[in-house]
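Take a look and give me a structure for this.
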Amino acid sequence: MNIIVIVGKNKIFKKVVAGFGVVAGIVVLYLAFVYGAVFVPAFTRYVPSDRKNIKHFKEKQYYDAYKIEKNWFEEQNAQEISIKSFDGLKLVAYNLPNKNPVGTIILMHGYHSEPLREYAALVHFYYDLGYNIVMPVQRTHGDKKGFYSEGKYITFGIKERYDLRDWILKANQIYGDDTPLFLQGISMGCATVVMALGLELPSNVCGVIADCGFTAPRAIIWKVLKNDMKLPTARMIIKIGNFLTNKLAGFDMDDYSTFDAINFNINRINQIPILFIHGTKDDFVPIDMSRQNFAKCLVTPYYDLDGGVKIQNNSQQEKYSLVELDGAVHAIENFMQPATYKDAVSKFLEKYNRASETYTIHILQHQGTEF
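Residues are numbered from 1 along each chain as shown. You can find the predicted model right below:
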């Protein structure tokens, strides 16, 4: 009788162990899937092919315009400069000095992209307005066979904002810290420049042009997993992904956001102006993210005598504006609606460039020229 009981218990035990083994195997396979199919493609280096670039521009006319302006830039023989990041990476950038400069503009490109894909036309435009151009290759971007910045993981603006601060210091080293300086970012580059406003920056930073950026790493990754990829386990995937970013990439998806940076900026005595630009047909970064960022700029939270949080209008809210480009898609608004886009940014630059008299001369010379 005892033998029968023992044998029965052994069978049950083996079934339990086997069940645990199956569950453990499924968990391991799922973790491997998240790591290999989601984390690695999303957070590591990617070099867009010509085919991907053509797809990015949607229509042949925009791609052709990009190729023309890219050729113009390559004919300028821009300098190649570099810095060492706060965590020891070699980061590179193109530097194009202007013969008659009225200021400097640093142009930050977006996720899985490169400087010229997004700025080919704008760099020509800004150069003709009299700006020195600094175009960094973001960490973990660029082709390792050519011009690239070091890095193992992309951090969606979390670490990139410190890289931008160091590029500002590099630009000031080259052109002087009394030269008016503007920042522009597109897509992830936009999140980078806005997040950088949460840092102490040199006093010659005059303004930020924020083109189609997201609000926080978690927000945009969740949107892609849930809405674009339509993964039924998106909530679990983002939790695992955040665990991996902490353990492997050294950051948390909730470490920082544009909201944090805006809160810091609106508490400056002299707030740094921001021009937000976004296309209404952007299906990658929703226009609501720029609307949320813009709305955050218009009010100032404060504590009342009872310790409660109150909201009041930002006394410098005139420094913030939002331009919505009807029908424009992600990251190519400046190709789709060049006149409206360039009119908005040129007025912004003219208004906040502290060397305004010299700048106005360049504006007048440029009027009537279209790229």
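
Just the pLDDT for residue 224.
The pLDDT attached to residue 224 in the predicted structure is 96.

Any idea how many residues pack against it?
17 (other Cβ atoms under 10 Å). To be clear about C-beta, it is placed using only N, CA and C from the backbone, and glycine gets the same treatment.

now residue 155
Residue 155: 26 neighbours (other Cβ under 10 Å).

residue contacts, residue 202?
Contact partners of residue 202, counting by Cβ atoms under 8 Å, 6 or more residues apart in numbering, are 168-169, 172, 177, 181.

now for those residues, which pair is the farthest apart?
169 and 181 (10.6 Å; Cβ to Cβ).

Those two: who's more crowded?
Taking neighbours as other Cβ under 10 Å, residue 169 and residue 181 compare with residue 181 leading, 27 against 14.

Bridge partners for that one, pull those for me.
residue 104, residue 205 (DSSP bridges).

Local confidence estimate at it?
For residue 181, pLDDT reads 98.

isn't it right next to residue 172, touching?
Yes. If you go by Cβ atoms under 8 Å, residue 181 and residue 172 touch, sitting 7.2 Å apart.

Extract the residue ranges of the protein that are flagged as low pLDDT.
Within the chain, the ranges that satisfy pLDDT under 70 run 1-25, 27, 355-371.

what about the helices in it?
2-33, 40-43, 50-56, 60-75, 115-128, 160-175, 188-196, 217-223, 234-244, 258-265, 287-298, 333-336, 338-352, 356-366 (DSSP state H).

With respect to burial, which of those scores highest?
helix 188-196 (a mean of 30; mean count of other Cβ atoms under 10 Å).

Determine the set of other helices and strands touching that one.
strand 103-108, helix 160-175, strand 181-186, strand 205-211, helix 258-265 (3 or more Cβ pairs under 8 Å, 6 or more residues apart in numbering; DSSP states H and E).

so which of the ones you listed gets nearest residue 77?
helix 160-175 (16.4 Å).

Send me the closest one as PDB with only the CA atoms.
Taking C-alpha atoms only, helix 160-175 is exported to PDB below (Å, rounded to 0.1, in the frame of the first residue of the first chain):
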ATOM      1  CA  GLU A 160      21.300  62.500 -26.000                       C
ATOM      2  CA  ARG A 161      20.300  65.700 -24.200                       C
ATOM      3  CA  TYR A 162      23.700  65.700 -22.500                       C
ATOM      4  CA  ASP A 163      25.400  65.100 -25.900                       C
ATOM      5  CA  LEU A 164      23.600  68.200 -27.200                       C
ATOM      6  CA  ARG A 165      24.800  70.300 -24.200                       C
ATOM      7  CA  ASP A 166      28.300  69.300 -25.100                       C
ATOM      8  CA  TRP A 167      27.800  70.200 -28.700                       C
ATOM      9  CA  ILE A 168      26.700  73.600 -27.600                       C
ATOM     10  CA  LEU A 169      29.900  74.000 -25.700                       C
ATOM     11  CA  LYS A 170      31.900  72.800 -28.700                       C
ATOM     12  CA  ALA A 171      30.100  75.300 -31.000                       C
ATOM     13  CA  ASN A 172      30.900  78.100 -28.500                       C
ATOM     14  CA  GLN A 173      34.500  77.000 -28.500                       C
ATOM     15  CA  ILE A 174      34.600  77.300 -32.300                       C
ATOM     16  CA  TYR A 175      32.400  80.400 -32.800                       C
END
